[in-house]
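Visitor: Any chance you could fold what I've pasted below:
(2 chains)
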Protein chains: 2
Amino acid sequence: MKSVAENIFSEIPQHLADELFQTLLSKGPVQIERIISKGHTSNVNDWYDQIQDEWVILLEGQARLQFKISPEMISLYPGDYLFIPAHTLHRVHWTDPEKETVWLAIHIFPSEESNA
Amino acid sequence: MKSVAENIFSEIPQHLADELFQTLLSKGPVQIERIISKGHTSNVNDWYDQIQDEWVILLEGQARLQFKISPEMISLYPGDYLFIPAHTLHRVHWTDPEKETVWLAIHIFPSEESNA
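Guide: This next block holds a predicted model:
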């Protein structure tokens, strides 16, 4: 038995000074990314404003997201996913400081035609 | 606290006569799909031959995949992911009959198709 598969929970560095962003696949307009947080958060009033759509799922750990349009926090637990359309201002308000939070993010960049 | 997130492990039907395919997002050339298997397999010599690239991760359960180019089985456990380029013939040899296997598949269609 041989496996060509890799595991998303493996090879997590023990010390995470910064949030870790790793591209698992980059293909045409799509980028699949593993993100590992451990207590990392966005700064207050620091909002992501992305040109691409993002579909994201939390696979391990816990986090709270915030959208600028709404003051309410969105608590995320393993298996929770959501779609963040391009230019939807959002920030990571909190991630679990005690254990790693593993995210899988699918970024879908606009094609040249849709930019036109 | 209010959450707009959905959970990939929720709302799994108790009885699965057939494998369940559910589109979570369809955006341009990208389709994000939840697949739930429970003992379902491909028939012998029945190979998937897809026009699109597929990146797939097993999130719950267990499975064994087979590629036509190689006789070896690829065992998949939670967190295992792999990339299946378009037209790479493959089949699902086995999925756990005792519990649900939850897959997340990212299909990336060629641009001609998505424009069609």
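Visitor: does A:S75 sit in a helix, a strand or a coil?
Guide: strand (DSSP: H, G, I helix; E, B strand; the rest coil).
Visitor: Test my guess that it contacts A:Q66.
Guide: No - counting by C-beta atoms under 8 Å, A:S75 sits too far from A:Q66 to count as a contact (10.7 Å). To be clear about C-beta, it is placed using only N, CA and C from the backbone, and glycine gets the same treatment.
Visitor: can you pull out the strands in chain A?
Guide: A:6-7, A:20-27, A:30-37, A:53-60, A:63-67, A:73-76, A:80-84, A:90-95, A:101-108 (DSSP state E).
Visitor: right, and these - which one's nearest B:P110?
Guide: Among the strands of chain A, strand A:20-27 comes nearest to B:P110, with 10.5 Å by C-beta to C-beta.
Visitor: what about that closest one and chain B, any contact?
Guide: Yes - counting by C-beta under 8 Å from any C-beta of the partner chain, chain B is contacted by strand A:20-27 at A:24-25, A:27.
Visitor: Show me what from chain A comes close to chain B.
Guide: Residues of chain A lying near chain B (C-beta under 8 Å from any C-beta): A:1-10, A:24-25, A:27-30, A:32, A:53, A:55, A:57, A:59, A:72-83, A:104, A:106, A:108, A:111, A:113-114.
Visitor: Try it again at 7 Å.
Guide: By C-beta under 7 Å from any C-beta of the partner chain, the residues of chain A that approach chain B are A:1-9, A:25, A:27-30, A:32, A:53, A:55, A:57, A:72-76, A:79-83, A:106, A:108, A:111.
Visitor: Going through the residues you listed, which ones are buried?
Guide: A:3, A:5, A:8, A:28-30, A:32, A:53, A:55, A:57, A:73-76, A:79-83, A:106, A:108 (16 or more other C-beta atoms under 10 Å in any protein chain shown).
Visitor: Give me the number of neighbouring residues for A:H87.
Guide: Neighbour count for A:H87, taken as other C-beta atoms under 10 Å in any protein chain shown: 11.
Visitor: ditto for A:A17
Guide: By other C-beta under 10 Å, neighbour count at A:A17 equals 8.
Visitor: And the pLDDT at A:Q14?
Guide: In this model, A:Q14 is scored at 86, pLDDT.
Visitor: mind checking how far it is from A:E33?
Guide: For A:Q14, the distance to A:E33 equals 21 Å [C-beta to C-beta, to the nearest Å].
Visitor: Compare these two (neighbour count), which wins?
Guide: Taking neighbours as other C-beta under 10 Å, A:Q14 and A:E33 compare with A:E33 leading, 17 against 5.
Visitor: So, low pLDDT: which residues of chain A?
Guide: Applying pLDDT under 70 to chain A flags the ranges A:1-3, A:112-116.
Visitor: how close does A:L58 sit to A:L104?
Guide: Counting by C-beta to C-beta - A:L58 and A:L104 are separated by 8 Å.
Visitor: Looking at the two, which is more packed in?
Guide: A:L58 (26 against 21).
Visitor: Please name the bridge partners of that one.
Guide: Judged by DSSP bridges, the bridge partners of A:L58 are A:W103.
Visitor: these two touch, right, A:V30 and B:I108?
Guide: Yes - A:V30 is within contact range of B:I108, at 5.2 Å (criterion: C-beta atoms under 7 Å).
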